[in-house]
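Asker: this one's structure only:
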């Protein structure tokens, strides 16, 4: 049994044709192969639900059986165990699985159930070997074809970069070189995931964050890498939905992933002084800011304009405002989708993934220390900053409250990262107080930002009642702002009284 380590890039067939002749990838190993693969499972997908893939593939005139574990995903790099053996025909042979433990596991999952073909993959594969350095070897497979399940079909047009020898960061290095020359996008889904999706085993939906990934016994460096990789996986799981302009929740979850990723850098920056750390942090910060307009329009439409429309149904001026808002919101979201399709975004993902795969991302001495030492110091510093920003809260202007919001947000994310290191009952009161405080400060900030959107809608709206509509929305927003400010005192008191669970 071996471990397969590979990264996928998706591109158009025209781009793949150009890429195939690029000296960057060397010369093909013979003529392209026609590969036919049949994936088997029980009628209710028992193997897939337990993380197992069973495939029979016709290659070079013979059938080969492969059993794969779902494995792990590290910032775009798929790692899976696999066991391969010869097969007499296109019929699964469980007794032929070479690894005894895997054979026993597969047999136990299937039991008395029957195996049936679930989907088929047909591709033309162009293969070559790239050796970027002594001791490093990467198999490059350019695949063009389709995945077919019943009457459903999806096209496959991708490059697989499989590590054969050397460090994992070499795969990211090659992928980055490809993305700098061609419009190729990091692909998060395997062929098996495409097939099971067509067969109905996977329902496409926005993916939420995995929390509590830092564990006791980790070094600071291990904790930082775990946080970053988890955030990148969360981001990449939602990026296709963002690019396609599907459910708005995809974009929301992508923003959450980026904010958490940037906050992860913030939480560890005191023990990281490398140029690479600073460069990646800067790129993330700039990209996250570029998503701001789309987020602002989503909030304005849903939390400011929608309640007003509900209270004043049929108002012609407000209807004109709503149409103008929809147009401006659509433009901002289109710009965001283009950002997620851009080479700039791919360079950020691949560059960060390659850096993380090198292992040592923090300063050597502090990075090797137990993460609890760094966690307590970071949480204490963040807490003191929030207390400082919150002095004389009632007299604070909107700008000062914005600074408090940023400080509270950093503490909230740091607490989220590090709370698994402490007893849950101790951490829960602080979490609850921080959530309430951050929600109120966020709402106040949204109210403070709303006049810009109101001005833009007023310029884009039409009709004689738009001035009246603007006045209604202005008054509504002012009233909401005052109400949120009154609520802030109670949330602040609850925060101040919450015990510091890291002590």
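Answerer: Looks like it came in fine. These numbers come from a predicted model, not from an experiment.

Asker: Please, where are all the helices along the stretch 51-200 of the chain?
Answerer: 100-110, 169-181, 191-199 (DSSP state H, counting those that start in this stretch).

Asker: Looking at these, which is nearest to residue 156?
Answerer: Checking these against residue 156 by CB to CB gives helix 191-199 as the closest, at 6.6 Å. Any C-beta I mention is one placed from the backbone N, CA and C, and that applies to glycine too.

Asker: Quick check: mean pLDDT of the helix or strand that comes right after that closest one?
Answerer: The helix or strand immediately downstream of helix 191-199 is helix 220-243, counting by DSSP states H and E. Per-residue pLDDT values across helix 220-243 average out to 93.

Asker: what's helix 220-243 packed up against?
Answerer: Helices and strands touching helix 220-243, as assessed by 3 or more CB pairs under 8 Å, 6 or more residues apart in numbering; DSSP states H and E, comprise strand 72-74, helix 248-268, helix 316-341, helix 343-357, helix 364-368, helix 371-389.

Asker: one step back: now render the helices of the stretch 51-200 of the chain as a markdown table, adding mean neighbour count and mean pLDDT.
Answerer: Shown next, in a markdown table, are these (neighbours: other CB atoms under 10 Å; pLDDT from 0 to 100):
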| stretch | mean neighbour count | mean pLDDT |
| --- | --- | --- |
| helix 100-110 | 15 | 93 |
| helix 169-181 | 20 | 94 |
| helix 191-199 | 21 | 95 |
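
Asker: and the closest residue to residue 411 other than its chain neighbours, what does it touch?
Answerer: The shortest distance from residue 411 to any non-neighbouring residue, by CB to CB, 6 or more residues apart in numbering, is to residue 382 (4.0 Å). By CB atoms under 8 Å, 6 or more residues apart in numbering, the contact set of residue 382 is 407, 410-411, 414.

Asker: Repeat the analysis, applying 7 Å as the threshold.
Answerer: 410-411, 414 (CB atoms under 7 Å, 6 or more residues apart in numbering).

Asker: Same question for residue 16.
Answerer: With CB under 7 Å, 6+ apart, residue 16 has these contacts: 142, 144, 157.

Asker: how about 10 Å then?
Answerer: Contact partners of residue 16, counting by CB atoms under 10 Å, 6 or more residues apart in numbering, are 9-10, 126, 142-144, 157-159, 182, 184.

Asker: tell me the domain boundaries of this structure?
Answerer: Following automatic domain parsing, the chain resolves into domains at 2-199, 220-497.

Asker: wait, which of those is closest to residue 206?
Answerer: Short answer: domain 220-497, nearest of the domains of the chain by CB to CB, at 4.0 Å.

Asker: so how far does that closest one reach from one end to the other?
Answerer: Domain 220-497 has an end-to-end distance of 29 Å (criterion: CA to CA, to the nearest Å).

Asker: Kindly report the same for stretch 20-34.
Answerer: 16 Å.

Asker: Looking at that stretch now, give me its mean pLDDT.
Answerer: The model assigns stretch 20-34 a mean pLDDT of 89.

Asker: Next, the buried residues of it.
Answerer: Of all the residues in stretch 20-34, those buried under the rule 16 or more other CB atoms under 10 Å are 20, 25, 28, 32.

Asker: Out of the residues you listed, which sit inside helices?
Answerer: When DSSP state H is applied, the buried residues of stretch 20-34 are split such that residue 20 fall in helices.

Asker: Among the buried residues of stretch 20-34, which one sits closest to residue 442?
Answerer: Closest to residue 442 out of these is residue 25 (47.3 Å), distances taken as CB to CB.

Asker: Do I have it right that that closest one meets residue 129?
Answerer: Yes - judged on CB atoms under 10 Å, residue 25 makes contact with residue 129 at a distance of 9.4 Å.

Asker: so what's in contact with the two at the same time?
Answerer: By CB under 10 Å, 6+ apart, residue 25 and residue 129 have these common neighbours: 138, 140.

Asker: before we move on, back to that, which among the contacts of residue 382 gets closest to residue 199?
Answerer: Closest to residue 199, out of all of the contacts of residue 382 and judged by CB to CB, is residue 414, at 42.2 Å.

Asker: Am I right that the closest one is in a helix?
Answerer: Yes - under DSSP: H, G, I helix; E, B strand; the rest coil, residue 414 sits within a helix.

Asker: Next up, the contacts around the closest residue to it other than its chain neighbours.
Answerer: Leaving aside its chain neighbours, residue 414 sits nearest to residue 267 (4.7 Å; criterion: CB to CB, 6+ apart). Applying CB under 10 Å, 6+ apart to residue 267 gives the contacts 214, 223-224, 227, 260, 374-375, 378-379, 382, 410-411, 413-418.

Asker: right, so of the domains of the chain, which gets closest to residue 208?
Answerer: domain 220-497 (6.3 Å).

Asker: which helices and strands sit right next to whichever strand or helix holds residue 40?
Answerer: Using DSSP H and E, residue 40 falls within strand 33-41. Applying 3 or more CB pairs under 10 Å, 6 or more residues apart in numbering; DSSP states H and E, one finds that strand 33-41 contacts helix 46-49, strand 52-59, strand 62-69, helix 100-110, strand 116-130, strand 137-149, helix 191-199.

Asker: I'd like those written out as a markdown table, with distance to residue 474 added.
Answerer: Shown next, in a markdown table, are the helices and strands packed on strand 33-41 (distance: least, CB to CB, whole Å):
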| stretch | distance to residue 474 |
| --- | --- |
| helix 46-49 | 54 |
| strand 52-59 | 58 |
| strand 62-69 | 58 |
| helix 100-110 | 62 |
| strand 116-130 | 56 |
| strand 137-149 | 53 |
| helix 191-199 | 47 |
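
Asker: so which of these is the most packed in?
Answerer: With neighbours defined as mean count of other CB atoms under 10 Å, the helices and strands packed on strand 33-41 peak in mean count at helix 191-199, which reaches a mean of 21.
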